[in-house]
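*Asks:* quick one, what's the 3D model for this:
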Amino acid sequence: MIAYNKTSLDNRLIEQQAAEALEAGAISQEQYTNIKTAYPVAFYTPNVFIRIGLFLLTVIIVAFTLGLLALITSSSNEDAFAALFIISGLISYAALEFLVYNKRHFRSGVDDALLWLSIGLIVSGMEIAGDLLSVMALCRIVFLLALFGALRFADSVLALVAYAALLGIVFNGALH
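*Replies:* Residues are numbered from 1 along each chain as shown. Now for the predicted structure:
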C-alpha cells in the first residue's frame with residue numbers, strides 16, 4: 001500500500017546502516033562504497049535546505065494557481081469555491097502520485113507539500129460544501145484522510161494528525 005518503491009526503501013535503510021557502521025569504524029571506506037554500489041537508492045532526496053525551499057515553492061505555486069482559478073471563475077457562490085477546493089485537492093494528489101511513482105521523489109519537499117495541500121484542500125472544500133459540518137463529521141473526515149496519507153506515504157506527522165482526530169472523535173462521542 002505504500003507509494004514508494006519498496007526495494008529503494010530497503011536499500012536506503014541498508015545504506016543508512018552502512019553509514020552508521022562506517023562512522024563507528026566497523027567497516028572500511030571500501031566496504032561502504034561496495035555496499036552503496038550493490039544497493040542503489042533510486043530516490044530523489046535533497047538536503048534539508050533544498051527540501052524546505054521546494055516545500056515553500058510548491059505551496060506558493062499551488063496557492064497562486066488556486067487564486068488564479070478562483071479569479072477566473074469569479075463566482076461568489078460557495079458551492080463553486082467548495083468544488084474548486086476539492087478538485088484542486090484531487091489534482092494535487094494526482095500530481096503527488098505522479099511525482100512519487102515516475103520522478104521517484106522521497107521526502108523532497110515537493111511530495112510533502114502536495115500531500116499536505118491535497119488533504120487540506122479536500123477538507124476545506126468539504127467544510128465549505130457542508131455548511132459548517134459538525135465537529136464529529138470534521139474529525140471523521142480528517143481522520144480518514146490523514147490515516148490514508150500516513151499509511152500511503154509513511155508520513156509520521158500525518159499519523160499524529162490522524163491520532164489527534166481519533167481522539168477528537170472519541171472525546172466528542174463521549175460528550176454526546
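*Asks:* report how many residues lie close to D155.
*Replies:* Residues lying near D155 (other Cβ atoms under 10 Å) number 20. From N, CA and C alone the C-beta is placed, and that goes for glycine too.
*Asks:* residues in contact with it?
*Replies:* Residues near D155 by Cβ atoms under 8 Å, 6 or more residues apart in numbering: D112, L115, G149.
*Asks:* helices - which of those land there?
*Replies:* Counting by DSSP state H, the part of the contacts of D155 found in helices is D112, L115, G149.
*Asks:* output these in TSV, with neighbour count appended to each entry.
*Replies:* Shown next, in TSV, are the ones in helices among the contacts of D155 (neighbours: other Cβ atoms under 10 Å):
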residue	neighbour count
D112	22
L115	22
G149	23
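*Asks:* nearest residue to the middle of the chain?
*Replies:* Taking Cα atoms, centre = their mean, the centroid of the chain lies closest to L115, which sits 2.8 Å from it.
*Asks:* could you check how far that residue is from I52?
*Replies:* Per Cβ to Cβ, to the nearest Å, L115 is found 15 Å from I52.
*Asks:* then G130?
*Replies:* As judged by Cβ to Cβ, G130 and I52 stand 34 Å apart.
*Asks:* kindly report the same for T58.
*Replies:* 11 Å.
*Asks:* anything in contact with each of these two?
*Replies:* G109.
*Asks:* give me the more crowded residue out of those two.
*Replies:* T58 (23 against 13).
*Asks:* so where's this structure shaky on pLDDT?
*Replies:* By pLDDT under 70, the weakly predicted segments of the chain are 75-76.
*Asks:* please parse it into its domains.
*Replies:* The record's domain parsing of the chain by automatic domain parsing lists 1-42, 48-131, 133-176.
*Asks:* scan this protein for its longest helix.
*Replies:* Counting by DSSP H, the longest helix found in the chain is helix 48-73.
*Asks:* for H105, phi and psi?
*Replies:* phi -80, psi 130 (degrees, to the nearest 10).
*Asks:* you'd agree it is up against D111?
*Replies:* Yes - counting by Cβ atoms under 8 Å, H105 does reach D111; the two are 4.6 Å apart.
*Asks:* touching both of these two, which residues are there?
*Replies:* Here H105 and D111 have L99 as joint contacts, going by Cβ under 8 Å, 6+ apart.
*Asks:* what about these two, which has more around it?
*Replies:* Using other Cβ under 10 Å, the more surrounded residue of H105 and D111 is D111, with 27 against 23.
*Asks:* for that one, give its distance to E127.
*Replies:* Taking Cβ to Cβ, one finds D111 at 25 Å from E127.
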